[in-house]
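Novice: prediction below, plus the sequence it came from.
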Amino acid sequence: MRAVMSSSGSVFVTDQDEPSGDGELITVSSAGICGSDLHLISSGLSGVILGHEFGGFTSDGQLVAVRPTGECGSCAQCTSGFPHTCHQAAASLHGTSINGGLAEFVRVESSRLVPVPGGTDPAAVGLVEPLAVVVHGINRVRLASGMSALVVGSGSIGLLTAAVLADRGINVDIVCRHPHQFDAAQKLGVNAVSKPGTNYDVSFDAVCTQESLDTCFNATRPRGDVIEFGMVWGSIQLKNQMMLKEISLVPSIFYSHNHEQNDFVDAVDMLVRHPELITTLVTHRFLLEESVQAFAVANDRQAGAIKVHIFTQM
Ligand SMILES: [Zn+2]
Ligand SMILES: [Zn+2]
């Protein structure tokens, strides 16, 4: 089968044996390229099929999204209902630690499969994972209808965050820089601003740099919350403003899937109710054999890509 891997900072399409062994065989329908993929590839990721944002069909034809994280099932984190903070969550992550979804087929533990209702565009399933990231981050803070929120960053995570907040009745502003980002925000019905206002109850940092974090602290009211939504690849300084305003800094990683909360199920529900998310955010579509080009577009800031998706067929 065709699959996408990387070595020494470059991506290539390769022929691999069809996966055998444990787990359900999934025929992949769509997979997204993520900023963390680009970072890990440039840091030398190799020896694994890429892709942690994907879904497809089971052997009996059920459309599924895939939760790419694993769990040991027996540690304190797993048994207390927080398997996403188990040491195995990242250590058995599809696309970085075990083979991912940028391939025709992938084997996935059945506990990681999340059914997607019939009639949903199979092209949409690659968007469920980033949407689950967003749902999890939003659930990390207490929000009530009518509160105000700021989203800093208008890539896919930022735009999805604004859309979910609006869906929950939150008054949300999203900071946009480029015309295609303003355009996407408008299509999603969320308020795009070029500069943030002040005194938001909650701010979401979907960029995770010094500048974006400082913007969040500046714009959040005293005793508000700032959610840090992604990996912080460099070092970041915390300033006294956080202390003086007693702002809570809330990190968010992966997605919950315990008895009370399954962020993937909520993400599927959101995607089914809002088909404009897929048409607005997936700005570029490529076939699997065009993956080198797809990654080049995802890497090119001038290309105007919000989300690049790769399909086994179109
Ligand atoms: Zn991702
Ligand atoms: Zn565990």
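Specialist: Done, it's in. Ligands and ions are numbered 1, 2, ... in the order given.

Novice: tell me the SS of the residue nearest to the spatial centre of the chain?
Specialist: In the chain, the residue lying closest to the centroid (C-alpha atoms, centre = their mean) is Pro130, at 2.1 Å. At Pro130 the chain is in helix, as set by DSSP: H, G, I helix; E, B strand; the rest coil.

Novice: Ala65 is in contact with Ala31, correct?
Specialist: No - between Ala31 and Ala65 there is no contact under C-beta atoms under 8 Å: 11.1 Å. (Each C-beta comes from the backbone N, C-alpha and C, glycine too.)

Novice: between these two, tell me which one has more neighbours.
Specialist: Ala31 (33 against 29; other C-beta atoms under 10 Å).

Novice: show me what contacts Lys307?
Specialist: With contacts defined as C-beta atoms under 8 Å, 6 or more residues apart in numbering, Lys307 is in contact with Gly32, Ile33, Leu127, Pro130, Ser156, Leu281, Val282, Thr283, His284.

Novice: ligand 2 contacts on the chain?
Specialist: Selection of the chain residues close to ligand 2 by C-beta under 5 Å from the ion yields Cys72, Cys75, Cys78, Cys86.

Novice: which ones are touching the closest residue to the first one other than its chain neighbours?
Specialist: I take that to be Cys72. Spatially, and ignoring its direct neighbours in sequence, Cys72 is nearest to Gln88 (4.4 Å; C-beta to C-beta, 6 or more residues apart in numbering). By C-beta under 8 Å, 6+ apart, the contact set of Gln88 is Gly70, Glu71, Cys72, Cys75.

Novice: how about Ser30: what's its closest non-neighbour residue?
Specialist: Counting by C-beta to C-beta, 6+ apart, the residue nearest Ser30 is Gly126, at 3.9 Å.

Novice: next, count neighbours for His183.
Specialist: Wrong residue type there; residue 183 is Asp, not His. Neighbour number of Asp183 under other C-beta under 10 Å is 15.

Novice: tell me the SS of the residue nearest to Ser252 when sequence neighbours are not counted?
Specialist: Nearest residue to Ser252, sequence neighbours excluded (C-beta to C-beta, 6+ apart): Gly137, at 3.7 Å. Per three-state DSSP, the local secondary structure of Gly137 is helix.

Novice: so Gly137 sits right up against Thr161, yeah?
Specialist: Yes - under the criterion of C-beta under 8 Å, Gly137 makes contact with Thr161 at 7.0 Å.

Novice: before we move on, back to that, ok, the contacts of Lys307 vs ligand 2, which is closest?
Specialist: Proximity of the contacts of Lys307 to ligand 2 (C-beta to the ion) peaks at Pro130, which lies at 23.7 Å.

Novice: show me the strands in the stretch 51-200 of the chain, by range?
Specialist: Secondary structure of the stretch 51-200 of the chain (DSSP state E, counting those that start in this stretch): strands at 53-57, 63-66, 105-108, 113-115, 148-152, 171-175, 191-193, 200-205.

Novice: could you export those strands as a markdown table, including mean pLDDT?
Specialist: As requested, the strands of the stretch 51-200 of the chain are arranged in a markdown table below (pLDDT from 0 to 100):
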| stretch | mean pLDDT |
| --- | --- |
| strand 53-57 | 97 |
| strand 63-66 | 96 |
| strand 105-108 | 98 |
| strand 113-115 | 95 |
| strand 148-152 | 98 |
| strand 171-175 | 97 |
| strand 191-193 | 98 |
| strand 200-205 | 98 |
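
Novice: burial count for the residue lying closest to Ser145 once chain neighbours are set aside?
Specialist: Residue nearest to Ser145 in three dimensions, not counting chain neighbours: Gly169, with 3.4 Å by C-beta to C-beta, 6+ apart. The tally of other residues near Gly169 (other C-beta under 10 Å) stands at 12.
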